[in-house]
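Student: I would like the atomic coordinates for the input below:
(2 chains)
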Number of protein chains: 2
Amino acid sequence: AQPLTESVKPSRLSLPFSVRADQATNPVAAKLLKIMVAKQSNLCVAADVTSASKLIALAETVGPYVCLFKTHIDIVEDFSAQLIQQLLAAAQKHNFLLIEDRKFADIGHTVSLQYSHGTYKICSWADLVTVHPVPGEGVITGLKSAVADLHRGCFIVVEMSSAGNLTTPSYISSSMEICKKHPDFVVGVVCQTPSTLNNPGLLQLTPGVSLDCQNDGELGQQYNSPEDVIMLRGADIAVVGRGIVQAADPVQAAQEYRTKLWAAYEKRVSSLKLA
Amino acid sequence: AQPLTESVKPSRLSLPFSVRADQATNPVAAKLLKIMVAKQSNLCVAADVTSASKLIALAETVGPYVCLFKTHIDIVEDFSAQLIQQLLAAAQKHNFLLIEDRKFADIGHTVSLQYSHGTYKICSWADLVTVHPVPGEGVITGLKSAVADLHRGCFIVVEMSSAGNLTTPSYISSSMEICKKHPDFVVGVVCQTPSTLNNPGLLQLTPGVSLDCQNDGELGQQYNSPEDVIMLRGADIAVVGRGIVQAADPVQAAQEYRTKLWAAYEKRVSSLKLA
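Tutor: Coordinates of the predicted model:
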């Protein structure tokens, strides 16, 4: 990643989340930004666990320290409607939002069914979902058509961090066009570079964050430090997975990541303000 | 779509499926090609239904006429392990393969869990799955890591038919490089143009086929006729959804699509042979 330069519009990166909450173009983005300010947290935990009891335990454990709790509900072996009730209760108790990292990536008619039907009925409980823009904007209109009156939104995956990914500059640029056309549903983008997103009413979510920065061999995940992900990559919210989930003490790890990520955000805002 | 031209390598498009079965680089592709020959069918039905009883009824109804039965298992409201047993029984009885159109599109570690775990345990029953190459080849190595000894494979979605999609020529070209690196797991590609795939051991699967060719408005699906999809677009297997599923008489519709699609295949092979 390139360090922040003059050529990067400072608005999103230099504005405090409290100011940006008022510029959000949809209620879920505003709610998320307010939670971040209230909890002083720009930490999202990726809950990649395969049992309902572990998922709930993790939500209860890290809940106080996160703004967002990211699930892959389709890897849980003993999914039940009760699990969803418990997740929603944890989210309410600890004041965080739920994002199902579904990476919807089909035509509109199909994703509308995948979002609202089936075992998981994702739109009934997940405040947010992730979406790949590769099918064109029909993927967004399809999701929107399923939720009508609910307060729901999505992050568009415009850039991936995995080795050999196909999110080229032109792919990113086309993705951002789709993003701009749906301000009522798009909450932000998943990306890796600070110049991708300028709109301060949207959020940059960036995965691949770890304190020990070990890569994942041939499965292709690549990691950044908490400071780098906020300062160099321009993340507003950083996604931490195994660094917390597999830590000997997940509470201590969540506290450490939250402190470091929030400090990096404060440093970013103040350093860009002085510049 | 451009008509077939001299510049298109004729090998895949002109060779009979019976010859191509011997050139397949993995057992699932070989099995699928042999089924196509045995049943004289290059028809895949897209089973986009939201109840288990409708899904099984459809599999039993169209089973005799298809080589491949395409599911979105995650839109079925009353999914159960029994449904999978019934699907497998129908597949065995009518001699077709199952493809779960999951469009896996995450990093390797995640897709390996999504493929093998959770409510659906996709790799335990689906001969084939669809995969987006956007995360890079880790998405393929991740899926492969989950199945070890099973005979499983994937179609890589290199080109979409939906309006405003991001599968540009350079995206397609990078996707084909990933395809070429995993001949033991990749069965073919989902694409829309005859020149994308030359390898006769792989199959081109093309969705968006309908006899009445009505488009889907803002949800972005675009349709071709059965003859066009085989002759102009280069499909080996054509995917038909609502044209059969929502027909007044699905058996008659399946027979009609199968006949027309197979005739188009025979015409393609013989016309290119004479040329």
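
Student: Every contact and neighbour count from this point should use C-alpha atoms.
Tutor: Fine.

Student: all strands of the stretch 151-275 of chain A, in order?
Tutor: Listed in chain order, the strands of the stretch 151-275 of chain A (DSSP state E, counting those that start in this stretch) span A:153-157, A:186-190, A:203-209, A:237-240.

Student: For those strands, please prepare JSON lines with the additional fields distance to chain B.
Tutor: Output for the strands of the stretch 151-275 of chain A, formatted as JSON lines (distance: least, CA to the nearest CA, whole Å):
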{"stretch": "strand A:153-157", "distance to chain B": "10"}
{"stretch": "strand A:186-190", "distance to chain B": "13"}
{"stretch": "strand A:203-209", "distance to chain B": "11"}
{"stretch": "strand A:237-240", "distance to chain B": "14"}
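
Student: in what helix or strand does residue A:111 lie?
Tutor: helix A:108-116 (DSSP states H and E).

Student: CA atoms of the very next helix or strand once past that helix as PDB?
Tutor: For helix A:108-116, the succeeding helix or strand toward the C-terminus, using DSSP H and E, is strand A:128-131. C-alpha atoms of strand A:128-131 as PDB (Å, rounded to 0.1, in the frame of the first residue of the first chain):
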ATOM      1  CA  LEU A 128     -25.500  -5.800   6.800                       C
ATOM      2  CA  VAL A 129     -24.200  -8.200   4.200                       C
ATOM      3  CA  THR A 130     -21.300  -8.300   1.800                       C
ATOM      4  CA  VAL A 131     -21.800  -8.300  -2.000                       C
END
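
Student: List the contacts of strand A:128-131.
Tutor: By CA atoms under 8 Å, 6 or more residues apart in numbering or on different chains, the residues outside strand A:128-131 that reach it are A:97-105, A:139-140, A:152-157.

Student: now the nearest residue to residue A:233 once chain neighbours are set aside: how far from residue A:260?
Tutor: Sequence neighbours aside, residue A:193 is the residue nearest to residue A:233 in space, at 4.6 Å (criterion: CA to CA, 6 or more residues apart in numbering or on different chains). Note on residue A:193: its distance to residue A:260, by CA to CA, to the nearest Å, is 19 Å.

Student: Kindly report the same for residue A:188.
Tutor: 22 Å.

Student: Those residues of the stretch 101-250 of chain A touching chain B, which are they?
Tutor: Residues of the stretch 101-250 of chain A lying close to chain B by CA under 8 Å from any CA of the partner chain are A:103, A:105-110, A:113-114, A:116-120, A:133-139, A:141-142, A:160-167, A:171, A:174-175, A:218-221.

Student: all helices of the stretch 151-275 of chain A, in order?
Tutor: A:169-181, A:226-231, A:242-245, A:250-274 (DSSP state H, counting those that start in this stretch).

Student: The second one packs against which elements?
Tutor: Secondary structure elements in contact with helix A:226-231, counted by 3 or more CA pairs under 8 Å, 6 or more residues apart in numbering or on different chains; DSSP states H and E, are strand A:203-209, strand A:237-240, helix A:250-274.

Student: re earlier: between residue A:188 and residue A:260, tell me which one has more neighbours.
Tutor: residue A:188 (28 against 20; other CA atoms under 10 Å in any protein chain shown).

Student: Make sure residue A:269 is actually in contact with residue A:19.
Tutor: No - using CA atoms under 8 Å as the test, residue A:269 is too far from residue A:19 to be in contact (11.7 Å).

Student: and the most centrally placed residue in chain A, how far is that from residue A:124?
Tutor: The residue lying closest to the centre of chain A (CA atoms, centre = their mean) is residue A:205, at 4.2 Å. From residue A:205 across to residue A:124, the span is 22 Å (CA to CA).

Student: need the contact list for the residue nearest to residue A:96 when sequence neighbours are not counted.
Tutor: In space, and not counting its chain neighbours, residue A:96 is closest to residue A:67: 4.7 Å by CA to CA, 6+ apart. Contacts here follow CA under 8 Å, 6+ apart; on that basis residue A:67 touches A:32, A:35, A:36, A:39, A:41, A:42, A:43, A:44, A:95, A:96, A:97.

Student: can you confirm the fifth one is in a strand?
Tutor: When you say that, I think you mean residue A:41. No - under DSSP: H, G, I helix; E, B strand; the rest coil, residue A:41 falls outside any strand and is assigned coil.

Student: Tell me how many other residues crowd it.
Tutor: Using other CA under 10 Å, residue A:41 has 28 other residues around it.

Student: do you know how far it is from residue A:29?
Tutor: Taking CA to CA, one finds residue A:41 at 15 Å from residue A:29.

Student: same question, the third one
Tutor: Distance of residue A:36 to residue A:29, computed by CA to CA: 11 Å.

Student: which of those two has more neighbours?
Tutor: It is residue A:29, of residue A:36 and residue A:29, that has more neighbours when counted by other CA under 10 Å, with 29 against 25.

Student: Quick check: closest non-adjacent residue to the more buried one.
Tutor: That would be residue A:187: by CA to CA, 6+ apart, it lies 5.1 Å from residue A:29.

Student: surely that neighbour meets residue A:203?
Tutor: Yes - between residue A:187 and residue A:203 there is a contact at 6.4 Å, judged by CA under 8 Å.

Student: Quick check: neighbours shared by these two?
Tutor: residue A:29.

Student: Neighbour count for the two, which is higher?
Tutor: residue A:187 (29 against 26).

Student: Just list the residues touching the closest residue to chain B within the stretch 151-275 of chain A, thanks.
Tutor: Going by CA to the nearest CA, chain B is nearest to residue A:165 of the stretch 151-275 of chain A, at 3.8 Å. Residues in contact with residue A:165 (CA under 8 Å, 6+ apart) are B:133, B:134, B:135, B:136, B:137.

Student: Apply 7 Å and report the result again.
Tutor: Going by CA atoms under 7 Å, 6 or more residues apart in numbering or on different chains, residue A:165 touches B:134, B:135, B:136.

Student: possible to save the helices and strands packed on helix A:226-231 as a markdown table with mean pLDDT?
Tutor: Formatted as a markdown table, the helices and strands packed on helix A:226-231 follow (pLDDT from 0 to 100):
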| stretch | mean pLDDT |
| --- | --- |
| strand A:203-209 | 94 |
| strand A:237-240 | 97 |
| helix A:250-274 | 94 |
